[in-house]
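> need the 3D shape of this:
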Amino acid sequence: MKIKVHNNNVDRALRTLKRIMQKEGFYKEMKKRSFYEKPSEKKKRKQKEAVKKIRKMMRQQRYSL
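Have a look, this model is predicted:
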């Protein structure tokens, strides 16, 4: 990843870098990989995420009518 620094404005470059990393899911991935997750826990988490996604889609469809 490359970020250009204009006029020695390092703070702005850091903010840009953080924003890009957050959009790409870098922080979420770091948090996920910081500790070992057992396969059973991973399966439970994936199921919860799927249910959450379905409920969110249903809510959006209900309010979009």
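> centroid-nearest residue for this protein?
Nearest to the mean C-alpha position of the chain, by Cα atoms, centre = their mean, lies residue 25 at 3.7 Å.
> show me where the chain has helices.
10-23, 26-33, 39-64 (DSSP state H).
> would you reformat these as JSON lines and include mean neighbour count, distance to residue 3 and mean pLDDT?
The C-beta positions use only the backbone N, C-alpha and C, and glycine is treated the same way. Formatted as JSON lines, the helices of the chain follow (neighbours: other Cβ atoms under 10 Å; distance: least, Cβ to Cβ, whole Å; pLDDT from 0 to 100):
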{"stretch": "helix 10-23", "mean neighbour count": "12", "distance to residue 3": "5", "mean pLDDT": "93"}
{"stretch": "helix 26-33", "mean neighbour count": "11", "distance to residue 3": "14", "mean pLDDT": "90"}
{"stretch": "helix 39-64", "mean neighbour count": "10", "distance to residue 3": "31", "mean pLDDT": "94"}
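> can you list these in CSV and add distance to residue 2?
Converted to CSV, the helices of the chain look like this (distance: least, Cβ to Cβ, whole Å):
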stretch, distance to residue 2
helix 10-23, 10
helix 26-33, 15
helix 39-64, 32
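> ok, residue 59 - contacts?
When contacts are counted by Cβ atoms under 8 Å, 6 or more residues apart in numbering, residue 59 is found next to no other residue.
> how's the protein carved up into domains?
1-34, 37-65 (automatic domain parsing).
> any idea how far residue 5 is from residue 51?
Taking Cβ to Cβ, to the nearest Å as the measure, residue 51 falls 44 Å from residue 5.
> repeat for residue 21
16 Å.
> for residue 15, same thing?
Taking Cβ to Cβ as the measure, residue 15 and residue 5 are separated by 12 Å.
> that's all I had, so thanks and see you.
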